[in-house]
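Engineer: What follows is a predicted protein model with its sequence.
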Amino acid sequence: MKLLIIEDEPALSKSIAAYLAGESYLCEFADTFAKALEKIALYSYDCILLDLMLPGGSGLKILEELKRQNKADGVIIISAKNALEDKIQGLQIGADDYLAKPFHLSELTARIHAVIRRKQFGHSNLIKQNELEIDLLAKSVQVKEMPVLLTKKELDLLLYFIGNKNRVISKAALAEHLSGDLADMLDSHDFVYAHIKNLKKKLHEAGCDSYLKTIYGVGYKWEL
Amino acid sequence: MKQLLNKPLRAFAGYAFLILLCSIPAYYYFMDYIWISELNEHNRIIAEKTKYNLNAIANQDSTLAQTIGLWNKLQPNTDLQPTPTIQPDSIYNLYKQKPHAPNQDIDRFQGLVTYFSIQGQPFRFRVETNVEESYETILTITGVTLVFFIFLVLGFILINKRISARLWQPFYATLQKLRAFSLDKQQSITFDPANIAEFEELNQALSSLIESNLGVYKQQKEFTENASHELQTPIAIVQSKLDLLLQNQNLTQEQSSYIDEANQALARVSRINKNLLLLSKLENVQYARQESINLSELLSDTVLLFADYAEGKNIAINTILEPGVSATGNKVLVEILLTNLILNAIKHNVDHGSIQIKLSPDRLVIANSGTTALLFDQLFRRFGRASTHTPSTGLGLAIVKEIATKHNWTICYEFQGNWHYFSLILTP
């Protein structure tokens, strides 16, 4: 899968690429407005990560150009400007998602995963992983073809883990994912633990292998 | 407070009074002088005429004594008597009763005593003419002066009123605009052109003062906003590097804990930065959108949002929410306000503590159990530390206050019986 990272901070784009390295992602970079325009005109990408403040122009212009060229590339805006207007405008022009800096790489990966999934599978959204099967449309989970009842948050966590498989996810990242913008205000992330405990228990009882590993003192990992 | 125009009015009226007061004796003196000199002349003419006529009539000796006797009878104000010698003339002024008058009025007379001879015989001739009495003159002059003084003062007041209404109109217009001015609304004032040089100058001076203040204010706010924006990217880089580091297979537990602690500190930096950005945006008059907000619903949603977190900290949240309480405001901001207040109540609570949230149409009270009262004057200040316990951004309550002020609400704090009460009073 091809990914274009339009970001003028090489340190950040390198981090993103390094985090995604194990997956079947091919990352390309554009650090200026002009380079970004050139790349999107020449190639198609499964997902484009778009910074709004670029040397040479605004990322929103690139988004408009993409739409003008009728490209189907998924676009996630990653911006330091967490302004509501920018978010609304970006989504209106046709971005698939908006992520404010700073973010956890696991959050970004989960969102890239979701965007690509939507683009690739159209409307029949089924994720299969060995004995585990998730129907995104019906929001239902089956283990060995037997339904497992998960709460909204548990399902949310499960998808997050699958999107970040084989990576260590910090508790802070999970808390942020679950409680959105509130997470960094909370001084304890213990509530994450309760949800994960329940998820683990339900999957285990349904006969699912224990893919979800606890990395002591750090976080969790979905190991395949 | 006295009005500016009333001050000169008083001075003018006082001055006019003084001048008019001085004019009374002056008028009297001149009038009396004219009177007396005219009457002296008049008396002299009568004397001359009498002398001439008597000389003309009394050619015969026999009739002279008769004529003079008759004269004295018929001319009431004159008296002609033979005298041994001719003496110099004299003038006098006297008050006496009118002769033969029915009432006993005292009258003032100007008299002349002159000596002349008729047919060689010396005579003393006295003539008295009635003059206006001094006190009557003074009374009349005083009365007239008083009437004029009253007209003068009435005129002053009237003119003053018209002047203050017309002349000062641009001044009041300027004052009105200045009152409505607020630096954080970032709206410059345009003054109407005044046709008076001083006011025009004042307006220009005010305009340039306001312009430069707005400029400085904007620069300052933009600085905070830009600084916060600039910080987001390096924070994002550090965050991403920490996330990457976490993926290392060979991390020791100690190293992992370092990363975890760095993560926590970074989360705090990030939160402070976001809050600063929010505050500067609040001051920069963003979030102008106003709508009707159902506070009851918004509050119960917010409480739900924190249910996990509160449960994790063993804190019970009890709510008494009157349904259908609504307020007008910016939804994003009100959400932030509620979030900050509730979060505060959870964070700064005791172990196994509880929170009471009570919403009524005019106020919202969020109470949480605690041990010691917080320092009130530090509470709503930026980076003010009201307590020394949990680390926080130090901006949460400053934001609450800023948002409340923006909506014309008041936020109060009270500590009573081991409970912290934060009340948001919704009626302005």
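Structural biologist: Perfect, I can see it now. Numbers count the residues shown, from 1 in each chain, chains lettered A, B, ... in the order given.
Engineer: hey, let's count contacts and neighbours off CA atoms from now on
Structural biologist: Noted.
Engineer: Now the residue in chain B that chain A sits nearest to: which helix or strand?
Structural biologist: Taking CA to the nearest CA, chain A has its nearest neighbour within chain B at residue B:236, 3.9 Å off. Residue B:236 belongs to helix B:197-246 when elements are defined using DSSP states H and E.
Engineer: Show me what secondary structure element comes after that helix.
Structural biologist: Counting by DSSP H and E, what follows helix B:197-246 is helix B:253-283.
Engineer: Domain boundaries for chain B, per the record?
Structural biologist: Domain ranges of chain B: B:6-157, B:198-283, B:291-425, per automatic domain parsing.
Engineer: ok, residue B:369 - contacts?
Structural biologist: Shown in contact with residue B:369 (CA atoms under 8 Å, 6 or more residues apart in numbering or on different chains): B:349, B:350, B:353, B:354, B:355, B:418, B:419, B:420.
Engineer: Check the residues you listed for burial and list the buried ones.
Structural biologist: Listed as buried from the contacts of residue B:369 are B:349, B:350, B:353, B:354, B:355, B:419, B:420; burial here means 16 or more other CA atoms under 10 Å in any protein chain shown.
Engineer: So, low pLDDT: which residues of the chain?
Structural biologist: You didn't say which chain, so I picked chain A. Within chain A, the segments meeting pLDDT under 70 span A:82, A:121-124, A:181, A:183-185, A:187.
Engineer: Let me rephrase: I mean chain B.
Structural biologist: Per-residue confidence for chain B (pLDDT under 70) gives these ranges: B:1-2, B:58-62, B:98-104, B:184, B:284-286, B:288, B:385-393, B:428.
Engineer: who touches the strand ranked longest in it?
Structural biologist: What stands out as the longest strand in chain B, according to DSSP state E, is strand B:106-118. For strand B:106-118, the external contacting residues (CA under 8 Å, 6+ apart) are B:36, B:39-40, B:43-44, B:47, B:51, B:54-55, B:58, B:86-98, B:122-133.
Engineer: Give me the distance from the particular helix or strand that has residue B:303 in it to the chain's centre.
Structural biologist: Element membership for residue B:303, per DSSP H and E: helix B:295-305. A distance of 46 Å separates the centroid of the chain from that of helix B:295-305, by CA atoms, centre = their mean, to the nearest Å.
Engineer: Spell out which parts of the stretch 301-428 of chain B neighbour chain A.
Structural biologist: Residues of the stretch 301-428 of chain B lying close to chain A (CA under 8 Å from any CA of the partner chain) are B:305, B:308, B:309, B:311, B:312, B:313, B:343, B:347.
Engineer: Distance of the residue in chain A positioned nearest to chain B relative to residue A:12?
Structural biologist: Here chain A gets closest to chain B at one residue, residue A:102, 3.9 Å apart by CA to the nearest CA. Residue A:102 sits 10 Å away from residue A:12, going by CA to CA, to the nearest Å.
Engineer: before we move on, what SS does residue B:424 have?
Structural biologist: strand (DSSP: H, G, I helix; E, B strand; the rest coil).
Engineer: Wait, it touches residue B:360, no?
Structural biologist: No - between residue B:424 and residue B:360 there is no contact under CA atoms under 8 Å: 10.4 Å.
Engineer: out of these two, which sits in the more crowded spot?
Structural biologist: Each of residue B:424 and residue B:360 has its neighbours counted (other CA atoms under 10 Å in any protein chain shown); residue B:424 has more, 22 against 18.
Engineer: Tell me the bridge partners for the more buried one.
Structural biologist: Bridge pairing for residue B:424 (DSSP bridges) gives the partners residue B:364, residue B:411.
Engineer: Which residues are in contact with it?
Structural biologist: Applying CA under 8 Å, 6+ apart to residue B:424 gives the contacts B:363, B:364, B:365, B:404, B:409, B:410, B:411, B:412.
Engineer: Tally up the residues packed near residue 127, please.
Structural biologist: In the absence of a named chain, this looks at chain A. If we define neighbours as other CA under 10 Å, then residue A:127 has 16 of them.
Engineer: wait, I meant chain B there
Structural biologist: By other CA under 10 Å, neighbour count at residue B:127 equals 23.
Engineer: that's a helix at it, yeah?
Structural biologist: No - according to three-state DSSP, residue B:127 belongs to no helix; its state is strand.
Engineer: correct me, but it touches residue B:45?
Structural biologist: No - Residue B:127 is beyond contact range of residue B:45, at 10.3 Å (criterion: CA under 8 Å).
Engineer: List the strands paired with the longest strand of chain B, with their directions.
Structural biologist: strand B:90-97 (antiparallel), strand B:121-131 (antiparallel).
Engineer: How about residues contacting the first one?
Structural biologist: So that's strand B:90-97. By CA under 8 Å, 6+ apart, strand B:90-97 touches B:40, B:104, B:105, B:106, B:107, B:108, B:109, B:110, B:111, B:112, B:113, B:114.
Engineer: one more time with 7 Å, if that's ok
Structural biologist: Applying CA atoms under 7 Å, 6 or more residues apart in numbering or on different chains, the contact partners of strand B:90-97 are B:104, B:105, B:106, B:107, B:108, B:109, B:110, B:111, B:112, B:113, B:114.
Engineer: would a markdown table of those residues with neighbour count be doable?
Structural biologist: Output for these, formatted as a markdown table (neighbours: other CA atoms under 10 Å in any protein chain shown):
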| residue | neighbour count |
| --- | --- |
| B:104 | 11 |
| B:105 | 12 |
| B:106 | 13 |
| B:107 | 15 |
| B:108 | 19 |
| B:109 | 23 |
| B:110 | 21 |
| B:111 | 24 |
| B:112 | 24 |
| B:113 | 21 |
| B:114 | 21 |
